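Asks: Coordinates only, no sequence provided:
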């Protein structure tokens, strides 16, 4: 019944994606993973271009990414992706990241829902799942699915007004900008380290142009926790664990 | 004597580069132009990878870009580039932007110097110019060179602390982030318009991680003027003219 295969995309770590360690930043790697999701969905006929015709769109609900080592500038790498689950509310898309020698240096699990663009409400995926049945790949997720994340008790906080460069075609703050805002809160020595990490993110609420965001951060012994609020409502929660 | 030809690179306007008008943003177009400069210089043997071996690097000094119409999402477009001038202090790299039908929809002229990475001072280009003589293309710049820009009398101002997501491999605020900061100051209705524009930018001083930037903006009848200062020193000046 499951006939589909994983698909593979080639990349190069370009200068505008590296930091002063001359390795790709974590936000740039998250960007490559999310771009891969968009390109692969489009190629298989269920991309946002197709969905938008029915006035619905993919929205990222949760993600988990594990990075063992960041690619060096100009290094080639490859991302493999596959969808292995479609239920009434969510679909699961998986990724593995491989260096030029074929070694796996990263894994990601993302969960997406489809929302009605006018009502801004999640729609039932049963019909779409039936149409996509032959695109499902019978292979397990390469890492633990996105973990539960509770509210945090922030020990540091920054405010940020949603501006033009933050927003996407939908006038909402872009997923990658949230990742940037969280990484921007870290102490400088964290950027120098190239330690394996795992990042879990939940997207709870959309923030828009002109709205006031609060980026909260709580350092625990084993993890850095984040919560971004939008005009008082929790919008994004995340946990960053350094191994 | 001048044997080199213009080189051409293909692009597609991807969803993460468009705004809510479903057209590519001006900062994204500037990004494509600057990426083209980097890739073309590398391909011809005088990229930052080669220069860095001698502990020097390219730095963008001035740029002018004219955009008649912004590409729609998923549109293919092409950037042609050539270097037509090398003097003791500056080299001039030119660009024309063409849509899928071959119509020119943009032009850019950029002027670069080479700096010593330790002394942070411009170096004499005579020797490099001799090495690159066979890469010079005998064709005029496609638009007026970057114009003179005087100090401004800002009527609005925002402050911004240089964070991780702003900086490049050199720990300096990335060129594109300055362009973002300026466009973020515009009133909302400017983002909706798709009017032809010309942007002139001068880079005067480098801003670093943790430094306090002031983004000033002055609206005149025919232009919006910008000045970004860094701890009190003018760092970037720009003029945006809507035609």
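Replies: That came through, no problem. In this text the structure is predicted, and so the values were computed from the model without any measurement.
Asks: Given the helix or strand where residue A:199 lies, what are its sheet partners and their directions?
Replies: Per DSSP states H and E: residue A:199 is located in strand A:197-203. Strand pairing for strand A:197-203, using DSSP bridges, gives strand A:56-67 (antiparallel), strand A:233-242 (antiparallel).
Asks: Show the residue spans covered by the helices in chain A.
Replies: All helices of chain A, identified by DSSP state H, fall at A:26-43, A:48-52, A:126-131, A:175-183, A:189-192.
Asks: And the shortest one, what's buried?
Replies: Within helix A:189-192, the residues that qualify as buried are residue A:191, counting by 16 or more other CB atoms under 10 Å in any protein chain shown. Backbone N, C-alpha and C define where each C-beta goes, glycine included.
Asks: same question, the second one
Replies: Taking 16+ other CB under 10 Å as the basis for neighbour counts, the residues of helix A:48-52 that come out buried are A:48, A:51.
Asks: Repeat that for the first one.
Replies: Residues of helix A:26-43 classed as buried by neighbour count (16+ other CB under 10 Å): A:26-42.
Asks: which residues are in contact with stretch A:123-132?
Replies: Stretch A:123-132 is contacted by residues A:44, A:46, A:56, A:83, A:86-91, A:113-116 when judged by CB atoms under 8 Å, 6 or more residues apart in numbering or on different chains.
Asks: Over to stretch A:12-19?
Replies: Counting by CB under 8 Å, 6+ apart, A:23-25, A:28, A:31, A:71-77, A:191, B:31, B:35, B:38, B:48, B:164, B:167-169, B:174, B:176 sit against stretch A:12-19.
Asks: Between the two ends of that stretch, how far is it?
Replies: Taking CA to CA, to the nearest Å, stretch A:12-19 runs 15 Å from one end to the other.
Asks: cool, and stretch A:175-195?
Replies: 23 Å.
Asks: Close to chain B: what parts of chain A are there?
Replies: A:14-16, A:18-20, A:22, A:25, A:27, A:31, A:35, A:38, A:48-49, A:73-74, A:163-165, A:167-171, A:174, A:176, A:180-181, A:183-184, A:186, A:188, A:191, A:209 (CB under 8 Å from any CB of the partner chain).
Asks: before we move on, back to that, avg pLDDT for the strand holding residue A:199?
Replies: Strand A:197-203 shows a mean pLDDT of 97.
Asks: Identify each buried residue in that strand, please.
Replies: Counting neighbours by 16+ other CB under 10 Å, strand A:197-203 gives A:197-203 as buried.
Asks: quick one: which two of the residues you listed are the most distant?
Replies: A:197 and A:203 (19.4 Å; CB to CB).
Asks: which stretches of chain A have low pLDDT?
Replies: For chain A, the stretches flagged by pLDDT under 70 are A:1-2.
Asks: And it, split by domain according to the record?
Replies: A:1-146, A:147-243 (automatic domain parsing).
Asks: To residue B:134, which of the ones you listed lies closest?
Replies: Short answer: domain A:1-146, nearest of the domains of chain A by CB to CB, at 24.8 Å.
Asks: Which strand residues bridge the residue nearest the centre of chain A?
Replies: Central residue of chain A (CA atoms, centre = their mean): residue A:63, 5.1 Å from the mean position. When assigned by DSSP bridges, residue A:63 has beta-bridge partners residue A:110, residue A:201.
Asks: May I ask you to confirm that it is in contact with residue A:201?
Replies: Yes - when contacts are counted by CB atoms under 8 Å, residue A:63 is listed as touching residue A:201 (5.1 Å).
Asks: which residues are common contacts for those two?
Replies: residue A:146.
Asks: ok, so what distance separates residue A:184 from residue B:166?
Replies: 8 Å (CB to CB, to the nearest Å).
Asks: And those two? Which one has more around it.
Replies: residue B:166 (23 against 18; other CB atoms under 10 Å in any protein chain shown).
Asks: Kindly provide the distance from the more buried one to residue B:209.
Replies: Taking CB to CB, one finds residue B:166 at 8 Å from residue B:209.
Asks: and if you look at residue A:224?
Replies: 19 Å.
Asks: Ok, residue A:168 next?
Replies: 27 Å.
Asks: ditto for residue A:149
Replies: 29 Å.
Asks: and these two? which has more neighbours close in?
Replies: Using other CB under 10 Å, the more surrounded residue of residue A:149 and residue B:209 is residue A:149, with 19 against 16.
Asks: Residue A:6 - nearest residue in space that isn't next to it in sequence?
Replies: residue A:82 (4.3 Å; CB to CB, 6 or more residues apart in numbering or on different chains).
Asks: so who does the one you found touch?
Replies: So residue A:82 contacts A:4-7, A:93-94, A:137, A:139 (CB under 8 Å, 6+ apart).
Asks: Pick out whichever of those sits closest to residue B:145.
Replies: Among these, and counting by CB to CB, the member closest to residue B:145 is residue A:7, at 46.1 Å.
Asks: so who does that closest one touch?
Replies: Contacts of residue A:7 (CB under 8 Å, 6+ apart): A:40, A:43, A:80-82.
Asks: With distance to residue A:124 as extra columns, can I get the residues you listed in TSV?
Replies: Converted to TSV, those look like this (distance: CB to CB, whole Å):
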residue	distance to residue A:124
A:40	23
A:43	25
A:80	29
A:81	24
A:82	23
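Asks: what two of the residues you listed are the furthest from one another?
Replies: Applying CB to CB across the contacts of residue A:7, the maximum distance is between A:43 and A:80, 13.9 Å.
Asks: Export the strands paired with strand A:197-203 as CSV, with columns for distance to residue B:239.
Replies: As requested, the strands paired with strand A:197-203 are arranged in CSV below (distance: least, CB to CB, whole Å):
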stretch, distance to residue B:239
strand A:56-67, 37
strand A:233-242, 36
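Asks: for those strands, which one sits closest to residue A:120?
Replies: Of all the strands paired with strand A:197-203, strand A:56-67 sits nearest to residue A:120, with 9.3 Å by CB to CB.
Asks: buried residues in the closest one?
Replies: Quick answer for strand A:56-67 (16+ other CB under 10 Å): A:56-67.
Asks: before we move on, back to that, against residue A:239, how distant is the residue nearest to the centre of chain A?
Replies: 12 Å.
Asks: which ones are touching residue A:104?
Replies: Here residue A:104 is in contact with A:68, A:96-98, A:142 (criterion: CB under 8 Å, 6+ apart).
Asks: can you rerun that using 10 Å?
Replies: Under the criterion of CB atoms under 10 Å, 6 or more residues apart in numbering or on different chains, the contact list for residue A:104 reads A:66, A:68, A:78, A:80, A:96-98, A:142.
Asks: Check residue A:73 too.
Replies: A:12-15, A:17-19, A:21-24, B:48-49, B:169.
Asks: Give me the phi and psi for residue A:221.
Replies: phi -60, psi -40 (degrees, to the nearest 10).
Asks: That one: how many residues sit nearby?
Replies: Neighbour number of residue A:221 under other CB under 10 Å is 4.
Asks: so which two of the contacts of stretch A:123-132 are the farthest from each other?
Replies: Counting by CB to CB, the most remote pair of the contacts of stretch A:123-132 is A:44 and A:116, 21.9 Å apart.
Asks: gap between residue A:74 and residue A:28?
Replies: 14 Å.
Asks: Give me the neighbour count for residue A:234.
Replies: 17.
Asks: Identify the spatial nearest neighbour of it, chain neighbours not counted.
Replies: Nearest to residue A:234 is residue A:204, by CB to CB, 6+ apart, at 5.5 Å.
Asks: now residue A:165
Replies: residue B:180 (3.9 Å).
Asks: ditto for residue A:43
Replies: Looking at residue A:43 with CB to CB, 6+ apart, the closest residue is residue A:7, at 7.5 Å.
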